[in-house]
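Peer 1: Here you go, sequence then predicted model.
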Amino acid sequence: MRVLLSTMGTRGDVEPLVGLAVRLRGLGVEVRVCAPPDCAEPFDGSGVPLVPTGPPVRPILARAAPPTAQDLARRAAASVAAHFGTVAAAARGCDALVATGVMPAGARSVAERLGICYVFASYQPATLPSPYRPPPRLPLPGRPLPPEATDNRALWDLDAQGWSAVFGTALNSHRESAGLPPVEDVRSHVFTDRPWLAADPVLSPWQEPADLDVVQTGAWILPDERPLPAGLEAFLAAGAPPVFVGFGSMPVRAPRDAAANAVEAVRAQGRRVLVSRGWAGLAPADGGGDCLAVGEVNQQALFARVAAVVHHGGAGTTTTAARAGAPQVVVPQAVDQPYWAGRVAELGIGAAHDGPEPTVASLSAALRTALAPRTRARAAAVAARIRTDGAAVAADLLLETVRGEGTPASS
């Protein structure tokens, strides 16, 4: 059996796919992954082949100005073209295509044209239509959600209209060229009425009843066996557990200020600081011995040895910190990250920062909550309930679906 896994997101979108790919390979499945060319780190040593797809994502995220309607239209057209080009070529000879990302328009069309199984999977429920919450207020220029609107179903209808306005023309142009009928509702077409939710049910439960028949597999975790660098080990051994500060692949507004504010706020709590450079290039403002800047490291091992984790609220980082029992401060930057900040606060395993730009005062207040003994005790209790078999569940389900032993994943 051959399976293609595809995403056009950041590293946080890619790493879970590699986790699923490794599990599928262990079951004898031939797997390849389509992902942006600058998100190759998770593939190192995995044995999973990467098919570079679409443009690099770092330059897009690094832009200081928000995208214009024209920018978004160009990106949408490029994404759809990449699906009908590189992804379609990689999918030939495959039995299934699993797509993830914010809006992988074109992926289902590829599967439809090839006559293979299609699955859409989300790493969080925030972008899946639900009567229990509004959609994220994504930056769709010219398609703002009315700030005064409160009816969730009406807001989700507007959300669907926005995605169709952005992707519909490009998608239907390629579908026409491929001999496929047009699509009216791009979001429903991409998501299907039976999407998978690759998120832990304790951290991120799906609420029923809802309009979608969501299949929750648990998070797709890629085990990380890498040792920590010698310099980091020495820093950890030299004193009490530090506070980790990092924003992953997210661009951070005023990164120098963010790093300086974080270091000052952590020091105010009497703690040492680990600053993860990430894509924003964070670094301590001074050369103090109580601070250490680190690059790409094994967060699964590191988070079990820190006092708290200050981060952007990506699904992967939130899950990794929760598994490690590390209290969290979530400083959400975009999309689903406010959702994860809310979940961390609701579960009592940390604090949700109000807004994307931390000040010394605001971060100090959040850290006092995160570093409280009751928060660490609660984080440890929740950690014991986090599942680690999500990739195994998804791999087995995919094989059953392809072999016709389960309910079809697409409809």
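Peer 2: Right, received. Where do you want to start? Nothing here was measured: the structure is a model prediction, and the numbers come from that model.

Peer 1: Name whatever forms a beta bridge with the residue nearest to Ala121 when sequence neighbours are not counted.
Peer 2: Spatial nearest neighbour of Ala121, chain neighbours left out: Trp196 (4.0 Å); criterion: C-beta to C-beta, 6 or more residues apart in numbering. To be clear about C-beta, it is placed using only N, CA and C from the backbone, and glycine gets the same treatment. With DSSP bridges applied, Trp196 shows beta-bridge pairing to Ala121, Val215.

Peer 1: so Trp196 sits right up against Leu212, yeah?
Peer 2: No: using C-beta atoms under 8 Å, Trp196 is not in contact with Leu212, being 10.6 Å away.

Peer 1: Among those two, which residue is more densely surrounded?
Peer 2: Using other C-beta atoms under 10 Å as the criterion, Trp196 and Leu212 rank with Trp196 on top: 23 against 19.

Peer 1: what about the nearest residue to Gln328 once chain neighbours are set aside, how many neighbours?
Peer 2: Distances taken as C-beta to C-beta, 6+ apart put Gly350 closest to Gln328, at 3.3 Å, once the chain neighbours are dropped. For Gly350, the neighbour count with other C-beta under 10 Å is 31.

Peer 1: Val297 and Gly231 touch, don't they?
Peer 2: No: at 10.5 Å, Val297 does not count as touching Gly231 under the criterion of C-beta under 8 Å.

Peer 1: Can you tell me what sits against the least confident helix or strand in the chain by mean pLDDT?
Peer 2: Least confident helix or strand of the chain, by mean pLDDT, DSSP states H and E, is helix 58-62 with a mean of 74. With contacts defined as C-beta atoms under 8 Å, 6 or more residues apart in numbering, helix 58-62 is touched by 10, 38, 75, 249-251, 279.

Peer 1: Buried residues, it. List them.
Peer 2: Arg58 (16 or more other C-beta atoms under 10 Å).

Peer 1: same check, this time on stretch 162-172
Peer 2: Of the residues in stretch 162-172, those buried (16+ other C-beta under 10 Å) are 162-168, 170-172.

Peer 1: for the stretch 1-150 of the chain, what are the low-confidence residue spans?
Peer 2: For the stretch 1-150 of the chain, residues meeting the criterion pLDDT under 70 lie at 62-65, 138-143.

Peer 1: And Val297 and Gly231? Which one has more around it.
Peer 2: Remark: of Val297 and Gly231, Val297 carries more neighbours, 18 against 10, as counted by other C-beta under 10 Å.

Peer 1: How much space separates the more buried one from Cys39?
Peer 2: Using C-beta to C-beta, to the nearest Å, Val297 is found at 17 Å from Cys39.

Peer 1: How about Pro67?
Peer 2: From Pro67 over to Cys39 the distance is 20 Å, taken as C-beta to C-beta.

Peer 1: Which one's more surrounded, these two?
Peer 2: Cys39 (27 against 15).

Peer 1: would you say the more buried one is within a strand?
Peer 2: No: assessed with DSSP: H, G, I helix; E, B strand; the rest coil, Cys39 is coil; it does not lie in a strand.

Peer 1: Name all residues that make contact with it.
Peer 2: Neighbouring residues of Cys39 by C-beta under 8 Å, 6+ apart: 9-11, 13-14, 57.

Peer 1: Which ones among the residues you listed lie within helices?
Peer 2: Using DSSP state H, the members of the contacts of Cys39 that fall within helices are 11, 13-14.

Peer 1: Now rank these by neighbours and give me the top one.
Peer 2: Highest neighbour count within the ones in helices among the contacts of Cys39: Val14, with 29 neighbours (other C-beta under 10 Å).

Peer 1: Hmm, Asp44 and it touching each other?
Peer 2: No: under the criterion of C-beta under 8 Å, Val14 makes no contact with Asp44, lying 11.8 Å away.

Peer 1: which residue sits closest to Ile221 in space, ignoring its chain neighbours?
Peer 2: With sequence-adjacent residues excluded and distances taken as C-beta to C-beta, 6+ apart, Ile221 is closest to Gly19, at 5.3 Å.

Peer 1: Surely that neighbour forms part of a helix?
Peer 2: Yes: under three-state DSSP, Gly19 falls within a helix.

Peer 1: quick one: it from Gly26, how far?
Peer 2: 11 Å.

Peer 1: Settle it for me: which of the two has more neighbours?
Peer 2: The residue with more neighbours, out of Gly19 and Gly26, is Gly19; 26 against 11, by other C-beta under 10 Å.

Peer 1: Using the record's assignment, carve the chain into domains.
Peer 2: Taking automatic domain parsing as the reference, the chain has its domains at 2-221+388-402, 230-383.

Peer 1: what's the first-to-last distance across the first one?
Peer 2: With C-alpha to C-alpha, to the nearest Å applied, domain 2-221+388-402 spans 10 Å between its terminal residues.

Peer 1: now the last one
Peer 2: Start to finish, the residues bounding domain 230-383 are 27 Å apart (C-alpha to C-alpha).

Peer 1: now that domain: how far from the chain's centre is it?
Peer 2: 17 Å (C-alpha atoms, centre = their mean, to the nearest Å).

Peer 1: Likewise for stretch 8-27?
Peer 2: 12 Å.

Peer 1: And the strands in the stretch 151-300 of the chain?
Peer 2: Remark: strands assigned in the stretch 151-300 of the chain by DSSP state E, counting those that start in this stretch are 196-197, 215-216, 243-245, 273-276, 291-294.

Peer 1: Go through those strands and name the closest to Val306.
Peer 2: strand 243-245 (4.6 Å; C-beta to C-beta).
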